[in-house]
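Novice: pasting the sequence and the predicted model now:
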Amino acid sequence: MPRLLNLLVLVSLFGAILACALPARDLYAADVGQLSNPPNPEQSAEFFEKQVRPILVARCYECHGPEISNAKGGLRIDSRAALLKGGDTGAAIVPGNAKKSLLVDAINYGDTYQMPPKRRLSVEEVAVLTRWVEQGAFWPERSVRVGAARYWPLV
Ligand code: HEC
């Protein structure tokens, strides 16, 4: 009987370890943009509105936003089309290829540009934008309702 008890303890321990390890692995995969199942449009929209757009608005719009008549570097960062067209240097993003994207290079303080110039994005913010580009740089046609709140006015 004690053996059976031991076995039970072992099995539940193993289960607990698995339960802890699995979400951590998922998170890691998400961070480096290696999800085996690409997100569906609804998830992409939610990811964009909750995580991507707030970073762009807070950290890039000051110089590349819609209110700026003479966007810095000729680059507007307020639509997917503007990013594909790019600025003086050419396309700012190559959807699906973060390594070839000028924007990703710039937020990593690469050789050509260091953006935002004054204060670097956090590691988490860089990871969010990198994953967004890596997954195709989804940009909803219209701003979408995420959860109960409406995030941004129509753009
Ligand atoms: C304080 C102003 C400012 C902020 C904020 C800023 N930028 Fe810039 N950005 C510039 C200037 C100025 C240039 C042009 C640099 C040059 O030509 O040497 C530029 C150029 C760029 C370019 C190159 C455009 C091209 O084609 O030449 C990219 C990409 C870029 N910025 C991305 C970003 C991103 C992404 C953010 C937000 C995370 C950001 N920038 C925030 C001022 C800013």
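Specialist: Right, received. Where do you want to start?
Novice: please report how far Ala71 lies from Asn108.
Specialist: The gap separating Ala71 from Asn108 is 21 Å, by CB to CB, to the nearest Å. Placement of C-beta: from N, CA and C, glycine included.
Novice: just Pro95 next, same as before
Specialist: 18 Å.
Novice: so between those two, which is more surrounded?
Specialist: Ranked by neighbour count (other CB atoms under 10 Å), Pro95 and Asn108 place Pro95 first, with 19 against 16.
Novice: give me the three-state assignment for that one.
Specialist: Put simply, Pro95 is coil when judged by DSSP: H, G, I helix; E, B strand; the rest coil.
Novice: surely it is in contact with Val133?
Specialist: Yes. With contacts counted by CB atoms under 8 Å, Pro95 reaches Val133, the gap being 6.6 Å.
Novice: what score does the residue nearest to the spatial centre of the chain have for pLDDT?
Specialist: Taking CA atoms, centre = their mean, the centroid of the chain lies closest to Val128, which sits 2.7 Å from it. Per-residue confidence at Val128 stands at 98 (pLDDT).
Novice: and what of Pro41?
Specialist: For Pro41, the model assigns a pLDDT of 86.
Novice: just the element for Gln114, please.
Specialist: Secondary structure assignment for Gln114, by DSSP states H and E: no helix or strand.
Novice: quick check: residues of the chain near the ligand?
Specialist: 59-60, 62-64, 72-75, 77, 86-89, 92, 102-103, 106-107, 113, 115-117, 121 (CB under 6 Å from any ligand atom).
Novice: ok, and the closest non-adjacent residue to Val104?
Specialist: Ala98 (4.6 Å; CB to CB, 6 or more residues apart in numbering).
Novice: ok, that neighbour - how many residues close by?
Specialist: Neighbour count of Ala98, defined by other CB under 10 Å: 22.
Novice: that one touches Glu134, doesn't it?
Specialist: Yes. Counting by CB under 8 Å, Glu134 is a contact partner of Ala98 at 4.6 Å.
Novice: the domain parsing of the protein - what is it?
Specialist: 2-31, 41-134 (automatic domain parsing).
Novice: as CSV, these with distance to Pro140 would be great.
Specialist: Output for the domains of the chain, formatted as CSV (distance: least, CB to CB, whole Å):
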stretch, distance to Pro140
domain 2-31, 20
domain 41-134, 5
